[in-house]
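[1] Predicted model and sequence follow; I will ask about them next.
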Amino acid sequence: MSQPLISRSPDLKKLRDEGYDLEIRSGCLLVKDVPYTNSRREIKRGILVIKLVLAGDQTGCPDTHIAYFSGEYPCNEDGSEIVKIKHSSNAHSIAEGVSVNHSFSAKPKPANSYPDYYAQVTTYVAILSSPAQRIDSTVTAKTFPVIAPDGDSDEPFNYTDTASSRAEIVQVTKKMALKNISILGLGGTGSYVLDLVAKTPVKEIHLYDGDTFYQHNAFRSPGAPSSDDLRARQPKATYFKNLYAKMHRGIVDHPMYLDADNVEELRGMDFVFVCLDKGSAKKLIIEKLEEFGIPFIDVGIGVYLGDESLGGTLRVTTSTIEKREHINRRVSFSDNNGNNEYAQNIQIADLNALNAALAVIKWKKILGFYEDYQHEHNITYTIGGNTLINEDQLEG
């Protein structure tokens, strides 16, 4: 119950977004890790406790200016007690599972009550922490703790998405809460696609790749694998699943190649990122995706070695139910890479990352997360000229 109540209460949400460590327990707000100074001039940390007034699933207005504290009695930097807020001192329980040592009285002026719990908490924290901060300016109650979802939460992450909350874009972020997507191919670009979509609230992210994660892959993939990781010679799908499962609960690995015998597994996907080099395999998959009515994005990189420097283009081609006829013009289904230096494993992680970023940005446009004025279905980026071209716009 703690995190939903905090998220729905603007005053508590503001405290959490600013980095305070909050817990709701038995109708009380616990603000943990509040620094203070004891009588020996030692810096300690205690828990500020305030009884909550609730209006349904949100906080109401505080009905008392009294606050409680668990810890030693807070003192000034010289070791003398902070007497201006002293109310009473005796260890007792104020609610089930909530024990305190002291109570304080800091009545706000000119009003006799606090407008919300943000004002009440920050007032008390400032009084309690100021002496400690005069001794050590680096101490703070804003510790930015790891916030785990409630036990009955269906969040796709192992910890709460506080980035969207802090930016106040939670409702826009929910547009990306698809049931499932697939990433086909976890080479350079596909692995960066995973890195980006793993930070979105998609319920399940299915990874398809039959290759092994080798040393050369480390130089064009996100993260920094250890020598032991490389010696393990894991399937790429499994390596990346284990890596991103630390953050996202819904990563599903499929260490295999897709072909006519198993492509049916893609039926029912909400979206697919096609990040494959082999044209013949890509042709089969794209035909099936169109048959299944699934929108997808195909990515490609063409790199050549010029006069001791690299040139080339990146491509992001989108196929939606509304527009598919351009695919055969934009996507090569040939297995012959010719002079494409990318096939020789040139380590170009920045191009892979850019190609993935363009693909994911386009995906987010389709979902309405970003504005989309041109509804382009083909994007090309040229390295030498630093040009980005939109083509195949959706008419109407």
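    Received it, and whenever you're ready, just let me know what you need.
[2] Show me the shaky parts of the stretch 1-150 of the chain.
    Applying pLDDT under 70 to the stretch 1-150 of the chain flags the ranges 1.
[3] the domain parsing of this protein - what is it?
    Taking automatic domain parsing as the reference, the chain has its domains at 2-135, 162-391.
[4] Please tell me how far the shortest one is from the chain's geometric centre.
    Going back to what we said before, that points to domain 2-135. A distance of 30 Å separates the centroid of the chain from that of domain 2-135, by CA atoms, centre = their mean, to the nearest Å.
[5] Begin at 302 from now on, thanks
    Happy to do that; since the first residue is 302 now, the last one works out to domain 303-436.
[6] Any idea how far apart the tips of that domain sit?
    33 Å (CA to CA, to the nearest Å).
[7] again, but for the longest one
    Across its full length, domain 463-692 reaches 36 Å end to end, with CA to CA as the criterion.
[8] same question for that domain, mean pLDDT?
    Mean pLDDT, domain 463-692: 92.
[9] Give me the phi and psi for the residue in the chain sticking out farthest from the centre.
    Taking CA atoms, centre = their mean, the residue of the chain most remote from its mean C-alpha position is residue 381, at 45.0 Å. Phi and psi for residue 381, reported as degrees, to the nearest 10, are phi -80, psi 150.
[10] now the closest residue to it other than its chain neighbours: how far from residue 423?
    Nearest in space to residue 381, with sequence neighbours left out and distances taken as CB to CB, 6 or more residues apart in numbering, is residue 340 at 8.0 Å. No exception for glycine: its C-beta is placed from N, CA and C like everyone else's. Note on residue 340: its distance to residue 423, by CB to CB, to the nearest Å, is 25 Å.
[11] more crowded one of these two?
    Between residue 340 and residue 423, counted using other CB atoms under 10 Å, the more crowded position is residue 423 (18 against 14).
[12] So that one belongs to a helix, correct?
    Yes: remark: residue 423 belongs to a helix, assigned using DSSP: H, G, I helix; E, B strand; the rest coil.
[13] measure it to residue 401 for me?
    Counting by CB to CB, the separation of residue 423 from residue 401 is 20 Å.
[14] Same check on residue 477?
    Residue 477 is 42 Å from residue 401, by CB to CB.
[15] List the residues that contact residue 543.
    The contact partners of residue 543, taken as CB atoms under 8 Å, 6 or more residues apart in numbering, are residue 535.
[16] So it, which state does it fall into?
    helix.
[17] circling back: more neighbours: residue 477 and residue 401, which one.
    In this view residue 477 and residue 401 are compared by other CB under 10 Å, and residue 401 has more residues nearby, 22 against 19.
[18] Surely the more buried one forms part of a strand?
    Yes: per three-state DSSP, residue 401 lies within a strand segment.
[19] Excluding covalently adjacent residues, which one is nearest to it?
    Distance criterion CB to CB, 6+ apart; nearest residue to residue 401, sequence neighbours excluded, is residue 369 at 4.0 Å.
[20] Can you give me the buried ones in whichever strand or helix holds residue 493?
    Assigned by DSSP states H and E, residue 493 belongs to helix 489-498. Judged by neighbour count (16 or more other CB atoms under 10 Å), helix 489-498 contains these buried residues: 489, 490, 491, 492, 493, 494, 495, 496, 497, 498.
[21] The first one touches residue 521, doesn't it?
    This means residue 489. Yes: with contacts counted by CB atoms under 8 Å, residue 489 reaches residue 521, the gap being 3.8 Å.
[22] Run through the helices of the protein in chain order.
    303-309, 311-318, 418-436, 463-468, 471-474, 489-498, 528-532, 537-545, 580-593, 628-631, 650-668 (DSSP state H).
[23] which stretch among the ones you listed comes nearest residue 354?
    helix 418-436 (8.9 Å; CB to CB).
[24] Now do the buried residues in the closest one.
    Using 16+ other CB under 10 Å as the test for burial, helix 418-436 gives 418-419, 421-426, 428-434.
[25] nearest to residue 682, of those?
    residue 419 (45.1 Å).
[26] What distance do you get for that closest one to residue 362?
    Distance, residue 419 to residue 362, using CB to CB: 12 Å.
[27] contacting residues for the residue nearest to residue 685 when sequence neighbours are not counted?
    Using CB to CB, 6+ apart and skipping the chain neighbours, the partner closest in space to residue 685 is residue 612 (4.9 Å). With contact set as CB under 8 Å, 6+ apart, residue 612 has these partners: 604, 605, 684, 685.
[28] What about the residue lying closest to residue 404 once chain neighbours are set aside, how many residues nearby?
    The spatially closest residue to residue 404, leaving aside those adjacent along the chain, is residue 388, at 4.3 Å (CB to CB, 6+ apart). When neighbours are counted by other CB under 10 Å, residue 388 registers 13.
[29] Contact partners for residue 388?
    By CB under 8 Å, 6+ apart, the contact set of residue 388 is 367, 403, 404, 405, 406.
[30] what about the last one, distance to residue 365?
    Using CB to CB, one obtains 9 Å as the distance from residue 406 to residue 365.
[31] surely residue 484 meets residue 574?
    Yes: the criterion here is CB under 8 Å, and residue 484 meets it with residue 574 at 4.8 Å.
[32] what's the spacing between residue 587 and residue 343?
    67 Å.
[33] neighbour-wise, which of those two wins?
    residue 587 (22 against 13).
[34] Just the C-alpha atoms of stretch 615-628, please, in PDB.
    Output of stretch 615-628 as PDB, limited to C-alpha atoms (Å, rounded to 0.1, in the frame of the first residue of the first chain):
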ATOM      1  CA  LEU A 615      22.100   3.900 -40.900                       C
ATOM      2  CA  ARG A 616      18.500   2.900 -41.800                       C
ATOM      3  CA  VAL A 617      15.300   2.500 -39.800                       C
ATOM      4  CA  THR A 618      12.400   1.200 -41.700                       C
ATOM      5  CA  THR A 619       8.900   1.000 -40.100                       C
ATOM      6  CA  SER A 620       6.100  -1.200 -41.200                       C
ATOM      7  CA  THR A 621       2.600  -0.600 -39.700                       C
ATOM      8  CA  ILE A 622      -0.800  -1.800 -40.700                       C
ATOM      9  CA  GLU A 623      -1.400   1.500 -42.300                       C
ATOM     10  CA  LYS A 624       1.700   1.400 -44.500                       C
ATOM     11  CA  ARG A 625       3.700  -1.600 -45.600                       C
ATOM     12  CA  GLU A 626       4.100  -1.200 -49.400                       C
ATOM     13  CA  HIS A 627       7.500   0.500 -49.100                       C
ATOM     14  CA  ILE A 628       9.300  -2.500 -47.400                       C
END
